[in-house]
Each structure stands twice: as C-alpha cells, then as structure tokens.
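**Q** turn this into a model:
(chains A and B)
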Amino acid sequence: MPGDFYDPQAIEPKWQALWERERAFAEPNPPPSELGENERATYVLEMLPYPSGELHMGHVKNYTLGDVVAHFRRRNGWKVLRPMGYDAFGLPAENAAIKEGGQPREITERNIGRIREQMRRMGWAIDWDREISTHTPEYYRWTQLLFLKLLERGLAYRKESLQNWCPNDQTVLANEQVVDGRCERCGAEVEKRSLEQWFFRITDYAEALLDEMNLLEHWPERVLTMQRNWIGRSEGAEVVFRVEGTEIDLPVFTTRPDTLFGATFFVMAPEHPLVSELVAGRPEAEAVRAYVKQAQTRSSIEREEKEKDGVFTGRSVINPVNNEAIPIWIADYVLMEYGTGAIMAVPAHDERDHAFARQYKLPIVQVIAPREGEIDVQAEAYVSSSTDDIMANSGEFTGLPSPEGKKKIIAWLGESELGEPKVTYRLRDWLISRQRYWGCPIPVVYCEKCGVVPVPESELPVLLPEVSDFLPKGRSPLAAAEEWVATTCPSCGGAARRETDTMDTFVDSSWYFIRYCDPHNVEAPWDREVVDHWMPVDQYIGGIEHAILHLMYARFFTKALADMGLLGFREPFSRLFTQGMIYYHGAKMSKSKGNVVAPDAMIKRYGADAVRLNILFMGPADQDAEWQDSGVEGTSRFLGRLWRTVLEAAGAEKPLGSEVTPLVRKTHQTIAKVTDDIDRRFVFNTPIAAVMELVNEINRAPEDPGARFAAETAVSLIQPYAPHIAEELWQRLGHERLWIEPWPAFDASLLEQESFELVVQVNGKVRDRIEASVGASEQELVELASSSPRVAAFLEGKTLRKTIVVPRKLVNLVVG
RNA sequence: GCCGAAGUGGCGGAAUUGGUAGACGCGCUGGACUCAAAAUCCAGUGGGCUUCGGCCCGUGUGGGUUCGAUUCCCACCUUCGGCACCA
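**A** This is a model prediction of the structure:
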C-alpha cells in the first residue's frame, strides 16, 4: 500500500488501470432490449475534440464537466452512454505535413495516440470500446453514404457562384467560416471567386431550424439568439419592376412595401446576370463594364468601408404602383447573394439609399411620416419601425397607418400580379467542398457522357489515396493522384474522372453523435432501433464558439436524416451547456501567443484530481475564466487535507451511533446542497466549496460520533470531481468500487437545525443576532427581539409602527 | 446602429423565491511546530471612525419601489459576445 501521505502519482495510475481492466464505463451494444426496474438510459456527450496532440485546458474543462454529470447520473441509477473520439480530418495536420514532411494520416494518428494517453491520465469515465475517428475508412465510408443520401434527395447539389476564397489556405470557405471578412482559421482577408462547388441545401430547413427551437427548452438563450440572427428571417414582399421598353422583369425583395411610392431609383448588384444584357449597345456600356470590373477587384471589407459609388445604366424601370420610370444604377452596396440581387431604392427611408442619392443628386421623396413631429428627409433618412407611422404621398394609400398599408399594398400587388408576400433568409446554403487533401473524398465521378454520377453505395468507401505533395495550388492536391482520379463511369462504363475536392470537416462532425450509439456496425451507419434507445443526447457540453457552426449543421443533418426515416427524432441535443473559455494573462490560450498552460505538466506536478477540481472550482462553468497557477495549489492542498482528515476518521474506533450531532446535520445539508447544485442548478463550483466546508467541520470536531459518517460522505460526494483519491480513500475506509455505489441520500428531517440565529432589524438595519428555537411562534420571536438590550437602544423614545417576521430568519421592527 | 450577457474585498468567486453581503479558495499579516526551512496547524483579514461597547459607509453611477434591494423598475457608464451595406 502506498505511504500514508497523499501521493497522486501512486494512486491515479492504480485506479486508471483498474477501470480499464474492468471496462468500468462501457455500455454493451446493442443495449439490453428492456431496461430493468428503476433503470434509465442517458446519453452524456461532450464535443468531439480535434486531436492536436496536446490536451489543452478547454478540453480539461469540457470533459471534466461531462465526467461529473456522467458519474452523478450513473450513481443515481442511470445507464450512461459516454463515448469519445476524434475529429481527425482538417487543415492543421495537412499544414504540418507540408512544413515538416510526412503524411497527414501518420501525423494525425500519432497525435491521436498522444491525446488518448493524456485523456486516460485525466481519469475520465469514458466508454473506450466506442472510440471512433472521423479519418478512418470505417467512419468516412458512412459520411460518404450520407452524402449520397442527401444527393438523392436533392439536398446536395453543385452550382457555380461567387464564393469566399481564402488566399492563404487556398480553398473556399463556408459563409459561417468567414468572420469580419476574414478566414476564421488563419485570419487572411477573404476574396470572392466564382467557382463551381458542392453545397448542402440547409436553406430548405431554415424554417424548421427556427420553428423547432421550441424543442430545445434547455438550450442557453444566447445560443438560440445567435442562431436566430444567423438564419435572419425577414418578412416582406417580392415586387416586379419591368425594364422600360423591354420585356425584362426585375424582381426585388423589400421588407417595406409601404414605401413603394418613395422609390426614386433602382439598383442592381454588379454581379447581376442581366447587367450586360441591359447595357448592350448603349453609350453607357463601357462605363458600366469598367465599374463592374473594378467592383470585382474589391474585397468585401473594402466594399463596405469605402464611400458608396455606382454607375448609371441609361435604362429605367417602371414603378408598378404609380407607373413612373425610375433610373437603374449599378452599385456594389447591393449584394448579389441576398434577396434578388436588385433593390428598389427609397432614399427618404433607408440610410444606404439616402447616402447614394446624396452622392449622385437623386431625388428624395418622403412617403412615411411620424404621427407627431417634423422630419426632414432631405437631411436624413427617416427609418422607423414605429407602428404609429402614416403613409404619405402614396396615392390611394395615403393616410393609412404603415402596418396596414403594408398589407394593403401586398394585396394590391397580388391582384395585379406584380408581386407577392415573400420570406427571405440571411442563411445561405452550406458550401461543403474544399480544395484540400486531408478530408473525406466526395463520392462522385464526372463522366463526359453521363455528367455527374454518384459512386454506387456498394463501392464505398472511396478511399483517400496517399499523395506526396500537399502544397495548396488552388485545386485539390488529390488532382495530382492521376491513377486515382482516372476511373470508369459506374453508369456507362466509359472513362470518367473522380471528384478531387474533399468535404468540409464540419460534415464529419455533423453525425458522429449518432455513430457512437452503434460504432462498429459494418452493415449500415447505424441501426435505428439502437440509436433511438440512446438519442437524442440528453446533455451536450461544449464551447460557446460552436454556437452557430457545428450546432446548426448537426441540427440540419438530424432533421434531414429524420425526414429520410433514418432517425426517430428531429433535434440531436435536448440539453446544451456551453462552457466559457479559459484565458491566461488576459488572452485566449494559444501556441502562437506562447501563453499555453499544458494540463500534462500540471498533472505531473499536482495529479489529475487537483487539476480537475481546480478547473471547476474556478467559477461558474458557463463563464469565461482566467487560469491562475495558484488555484491548483489550493485544490491540491484541499485534497491533502481531505486525505488526512478521512484517514484520521477511519482510524478512530468510534461507534457509528444514531446520535444526531451538528456534524451529522451538516453532512445531510451538504448532501442536499451538492445534489441540488449538480442535478437541478447545474452548477459545479459551489458543490466543491460545500464539501470543503464539510471537511473543515470534521477537522474542527474530530471526536464527534458522526465524524466517520461525515468523512465517508465527503469522499462519496467528491468522487465525480476527484475519482482517484475518492476510490483510494473509499477502499481504505473498507469499501469497494465507489463509482457504482449509489449516490448518498439525505434525511430531509435533519436539514433544519433545532435552533437558529434570529436576525433582529430596526428599520431594516441589523442590530442584533439572537439564538432562537425553530419552534418559536411569531409572537415569541417579536418578544425575543424586543427584549434585546442592543435593540432597546434603538427603540427608545420611538413608537413601534410595524413588525415584520420572516419565519426562521428575522424580525424587523419598524419605528418612527 | 440593433440584440444579448456581465459589473460584488488585493484576486477567483458565494449569496437558489426581495430577508444576516463577502461562503469557499487564493493572497497577505501574526502565531505554533522547527537549529532553520518546507509542509502542516491556529488566529486575523471590505473601508473609515472608535471612549474597544460599538457606530457609519459599502455590491459600476444616479434615481425609484419596499419595513428591507447584490436581487425588482427607470436612466446612464464600462466591459464582453453576437449580428450589421441583408434591402
């Protein structure tokens, strides 16, 4: 037996080895078809880690949180599914291969080996039998199958369009991966390129992604708000404008049909496909061509920061409400990607149109007026969402309140077949192809005769070939693997070429939580019955940085798969907890800033238990926190105190009497507090403080007959946080296997003390504290309070006007 | 600009339903043990005043509601996050 001092380096490996030997946290697959009485199934999941080779403090926080929840539920009688795996495709390994040589696969697998070892040293209660990695053919075979299913349903498609291009990573990016006009990964300014790419039709699910948020009762409101913002639903109308003297109709989207009479000009995006046709053969053609060309060279950041500019086309459109001809301009403040790529400009009531009108001296006509007060639309646009506004200068609609006017104009447009109600989203389809090597191959071939042909399911997986040169050249490095690219068409048997782009790694992580339920199935990605047993995930835990990207993609996948009949639920994660980030010296920890605190070094020095305890003791887990080296010293010190206190209590031969001492009461209160905090409040820092208090109490009363009971309970309550020391002490207390021991129960009748400290206030200020019996009546409490000599001094010469009694708390005497 | 979260000792934080502000931990001060140190243990630790009994002030700022406000309401300041040329 290790020595009598607390030595984490001796006890932690001992218990880790035992858990591994006993496969302590594995759940059988398939799960038993019927749960026993009082058995419940729960799925506790944390976000899939990218295997960078080094565990970081964010991982420690994430997986320790999950560990506490998993241990707590297991000991409360749940069957707990808690798997682990690796989000193994992605650019870092490929970039490392470019820089240092070697294959991304080798680098990744080496990193996985290291991170797995570090995870084991943390002592997390994981079902290692279910370990998966997204880069293995056993996994990506099914990623490819799901791609084909989406393709079959028209949810995957190819289109040529203007895309975000990262000049550094030499690949396209999804909209979600562009932050402030820059690449989310590397920070390079994103360019626009017109390319033919693969997309997932997530916009088909825009409405469902919004509506079905009502199934997500336990998601943080801020995550839902962020997703709502991202989807950006706008209600309005589509209105058709005809180009004067032609048969060309140009639809626009507007949220303000009530301002139609104020449209004094019309603007098209430079990329609008009809621009060249409109100006063909006209004197303005050259100037327009020049402007369009110039606009192309501007980045989205430049476009936004410069003064508004544009060019007149010489053409006009007819405003359908009043048949007035208004000039068509081309300007890059109108985005091709949103709405119809063209707008009606109402300078009186839109700031952007106003700025443009001033720039080019275009007329500004007021058509909306506030119910009260004067406005000057020549000086400033009047943009108001007030329902009190009144329409003006709007023909038969003049004088109508604005909201009513909207409806009437839409109705009128509908009757005249010039427009209709329309809902537009900010959300774009998800661009999933990447011109990089280390990702899941897209399982299609291109045949000259048959066009785009999906690879038959029986031929999956399309294996990722080894290549030697990963240097980005604007096309996928796979294109260089000529023997691999050249193939035969599954449809006609003729010569064909493989798709050389790979999938965005967010595709891999959009379904991994389903695969965990049935991780080694070789017949299908999963068995629906098995999945429906565990899913949806009861508690998902991860970083707030995934609030939009991963969480929205995973929701989309789940809905699409449910619509295909492959799943029996529409939302993957019933409860979500988003943890805050760990900062160090005021900044996010990162290698480039050189401010990384490696958990590994901390484990060596203080042990995993102290590190686990510290990361959760730092503060509320959903808030950002600053790492402090002194913190882990503190939790390490506490574990030493726990060790000594418990062994002392264990050694003392004291009868475990039925006497209810204050320490026994304190123990029951602590059980109640810790249980409520973890279970109902979902807070993790205060339970640690509560157990610390209990340990302090035991120390103060080592001779208390309840000391051994209190010590055992302290060990039992700290087990989810510090499982190694808890197991070791539990054993030394003469027991076995605390991790399957039922969670301690408290006796509600012992939560109340027999007496309490009555707070006596005079006019709301605390003047005395008096020991009072719990059974005392209100009358008795008031008498007790009034009899206090300290209180008397404040009552002298005054009249008692009112008394307030809060049972078992305080008496407030109001005097004047 | 719009939407959201937060602001409490020297520091991280606690106070769950409007009822004792500062639990727990760090740091610091003093003491015990020691030849000495580390470790450990004990005591103290929001600020000001004090006749040492206490008193006054104090949860970003200013108001309000209330017997009583860290908690509720209004306005403002600061920080952080999301969205933003989205028609």
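
**Q** could you list the low-confidence segments of chain A?
**A** A:1-3, A:34-38, A:385-386, A:586, A:590-594, A:652-657 (pLDDT under 70).

**Q** and it, what are its domains?
**A** As given by automatic domain parsing, the domain ranges for chain A are A:144-201+A:429-506, A:233-425, A:755-815.

**Q** quick one: the longest one near RNA strand B?
**A** Yes - contact check for domain A:233-425 against RNA strand B, using CB under 7 Å from any atom of the strand: residues in range are A:234, A:236, A:252-256, A:269, A:303-304, A:306, A:308, A:332-335, A:337-339, A:341, A:343, A:350, A:352, A:424. Using the backbone N, CA and C atoms, a C-beta is placed for each residue, glycine as well.

**Q** again with stretch A:601-612
**A** No - Stretch A:601-612 is not in contact with RNA strand B by CB under 7 Å from any atom of the strand; minimum separation 11.1 Å.

**Q** thinking again about what came up before, now render the domains of chain A as CSV, adding mean neighbour count.
**A** Output for the domains of chain A, formatted as CSV (neighbours: other CB atoms under 10 Å):
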stretch, mean neighbour count
domain A:144-201+A:429-506, 18
domain A:233-425, 17
domain A:755-815, 15
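
**Q** quick one: which of those is nearest residue A:602?
**A** If you check each of those against residue A:602 by CB to CB, domain A:144-201+A:429-506 wins as the nearest, at 28.0 Å.

**Q** how about the closest one, does it reach RNA strand B?
**A** Yes - for domain A:144-201+A:429-506 and RNA strand B, the contact criterion (CB under 7 Å from any atom of the strand) is met by residue A:179.

**Q** distance from that domain to the middle of the chain?
**A** Remark: domain A:144-201+A:429-506 is offset 26 Å from the chain centroid, using CA atoms, centre = their mean, to the nearest Å.

**Q** and what of stretch A:621-631?
**A** Taking CA atoms, centre = their mean, one finds the center of stretch A:621-631 at 20 Å from the center of the full chain.

**Q** list the buried residues of it.
**A** A:621-622, A:625, A:627, A:631 (16 or more other CB atoms under 10 Å).

**Q** so which of those residues also contact RNA strand B?
**A** Contacts with RNA strand B within those, counted by CB under 7 Å from any atom of the strand: A:625, A:631.

**Q** of the buried residues of stretch A:621-631, which is the nearest to residue A:474?
**A** Checking these one by one against residue A:474 (CB to CB), the nearest turns out to be residue A:627, at 40.5 Å.

**Q** next, count neighbours for the nearest residue to that closest one once chain neighbours are set aside.
**A** In space, and not counting its chain neighbours, residue A:627 is closest to residue A:584: 4.6 Å by CB to CB, 6 or more residues apart in numbering. The number of residues packed around residue A:584, counting by other CB atoms under 10 Å, is 18.

**Q** contacts only, for residue A:584.
**A** The contact partners of residue A:584, by CB atoms under 8 Å, 6 or more residues apart in numbering, come to A:57, A:595-597, A:626-627.

**Q** could you do residue A:133 as well?
**A** Applying CB under 8 Å, 6+ apart, we find residue A:133 in contact with A:51, A:85-86, A:88, A:112, A:139.

**Q** any idea how far it lies from RNA strand B?
**A** 29 Å (CB to the nearest atom of the strand, to the nearest Å).

**Q** can you list contacts of stretch A:497-504?
**A** By CB under 8 Å, 6+ apart, stretch A:497-504 touches A:89, A:143, A:147, A:174, A:197-198, A:430-446, A:462, A:464, A:475-476, A:478-479, A:484-487.

**Q** what's the span of it, first residue to last?
**A** End-to-end distance for stretch A:497-504, by CA to CA, to the nearest Å: 21 Å.

**Q** and stretch A:788-799, by the same measure?
**A** In stretch A:788-799, first residue to last residue: 17 Å (CA to CA).

**Q** still on that earlier bit, please narrow the contacts of residue A:584 to those residing in strands.
**A** Residues of the contacts of residue A:584 located in strands (DSSP state E): residue A:626.

**Q** what sits against residue A:538?
**A** A:42-44, A:574-575.

**Q** recalculate using a threshold of 6 Å.
**A** Contact analysis of residue A:538 by CB atoms under 6 Å, 6 or more residues apart in numbering lists A:42-43, A:574.

**Q** quick one: it from residue A:110, how far?
**A** Using CB to CB, to the nearest Å, we find residue A:538 at a distance of 34 Å from residue A:110.

**Q** likewise residue A:178?
**A** The spacing between residue A:178 and residue A:110, counted by CB to CB, is 32 Å.

**Q** report the longest helix in chain A, please.
**A** Counting by DSSP state H, the longest helix found in chain A is helix A:629-651.

**Q** which element follows it toward the C-terminus?
**A** helix A:662-676 (DSSP states H and E).

**Q** for stretch A:411-427, the distance to its chain's centre please.
**A** Relative to the mean C-alpha coordinate of its chain, stretch A:411-427 is positioned 34 Å out (CA atoms, centre = their mean).

**Q** and the longest helix of chain A, what does it pack onto?
**A** helix A:599-606, helix A:608-617, helix A:685-700, helix A:707-718 (3 or more CB pairs under 6 Å, 6 or more residues apart in numbering; DSSP states H and E).
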